[in-house]
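Peer 1: okay, here's the prediction I keep looking at, along with the sequence it came from:
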Amino acid sequence: MNVLILHAHPEPQSFSSALYLEAKKFFEQKGDTVQVSDLYAMNFNPVASTSDFNERANPDYFNYALEQRKSLKADTIADDIKDEIAKVEAADLLIFNFPMYWFSMPAILKGWIDRVFVSGKFYGGTRIYAKGGMTGKKALVSITTGGRKDMLSSSGIHGDINDILKPLLQGSLGYVGMEVFEPFHAFHVPYISAEARAELLEKWRSELANLDERKKMDMPDLSKFDEYFHPIT
């Protein structure tokens, strides 16, 4: 299996980084091929802009998604994006590992998705969900939080963490066609003991070992939305 780990934490000694390194070690020991995009270490540019295209298809008006489509055909997309696309294409499993920032992911990871999930290849038109460009690939989100589990539950003050993550789980990963596993959550990590962190790492290893049995997130059933997949007359 080919695994791509997207890691987005600026501190190498963080628990988030420990999760990423443990996943890398686990899959390598299994004999899988592992690639890593450590976004902070790479100093990855998260800003989608005109500089993402070596040549503009339309120099008079900038539409990012349309430029993505045309630059792919013309092979004029920026090299750093091209490198990340190649990693995605090779991967069977993508792991997105990050701390929760403001009910979401760090900007550097959001920018990676903006720039690398290119229109015309991974999504666009009717190329969504089960018809998306990443069908056949699987995704697992690994997230750390400062908040306690009871705060990020259906009865908690913030609501269920998987509902909070819907823009990523469905709106990005599911949208491009990936099967999305239920996320791994590590709650309250800045405030728990070293022993509790060790237990979380052991749980992470165990859940990676049983990934094939892991529950997957529900995505829209396209058969209920046939009107979206027919030409407008």
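Peer 2: That came through fine. Numbers count the residues shown, from 1 in each chain.
Peer 1: the most centrally placed residue in the chain and residue 157: what is the separation?
Peer 2: Of all residues in the chain, the one closest to the mean position by Cα atoms, centre = their mean is residue 96, 4.6 Å from it. With distances taken as Cβ to Cβ, to the nearest Å, residue 96 is found 25 Å from residue 157. In this view, the C-beta of every residue, glycine as well, is placed from N, C-alpha and C.
Peer 1: cool, and residue 176?
Peer 2: 32 Å.
Peer 1: can I get stretch 107-120 in CSV, CA atoms only?
Peer 2: The C-alpha coordinates for stretch 107-120 follow below in CSV (Å, rounded to 0.1, in the frame of the first residue of the first chain):
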residue,chain,number,x,y,z
ALA,A,107,-4.3,27.5,7.4
ILE,A,108,-1.3,25.8,5.9
LEU,A,109,-3.2,22.6,5.5
LYS,A,110,-6.3,24.4,4.1
GLY,A,111,-4.0,26.1,1.6
TRP,A,112,-2.5,22.7,0.6
ILE,A,113,-6.0,21.5,-0.2
ASP,A,114,-6.9,24.8,-2.1
ARG,A,115,-3.8,24.5,-4.3
VAL,A,116,-3.4,20.7,-4.7
PHE,A,117,-7.0,19.4,-5.1
VAL,A,118,-7.1,20.8,-8.6
SER,A,119,-10.3,21.4,-10.6
GLY,A,120,-10.6,19.3,-13.7
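Peer 1: list the buried residues of it.
Peer 2: Within stretch 107-120, the residues that count as buried by 16 or more other Cβ atoms under 10 Å are 108-120.
Peer 1: name the residues that touch it?
Peer 2: Residues from elsewhere that reach stretch 107-120 (Cβ atoms under 8 Å, 6 or more residues apart in numbering): 6, 8, 37, 39-40, 44-48, 52, 65-66, 68-69, 72-73, 77, 81, 84-85, 88, 96, 98, 101, 104, 123, 172, 176.
Peer 1: am I right that residue 214 is in contact with residue 183?
Peer 2: No. With contact defined as Cβ atoms under 8 Å, residue 214 and residue 183 do not form a contacting pair (9.9 Å).
Peer 1: ok, these two, which is more surrounded?
Peer 2: residue 183 (18 against 14; other Cβ atoms under 10 Å).
Peer 1: for that one, which non-adjacent residue is closest in space?
Peer 2: Distances taken as Cβ to Cβ, 6 or more residues apart in numbering put residue 141 closest to residue 183, at 4.0 Å, once the chain neighbours are dropped.
Peer 1: ok, residue 81 next?
Peer 2: residue 115 (5.3 Å).
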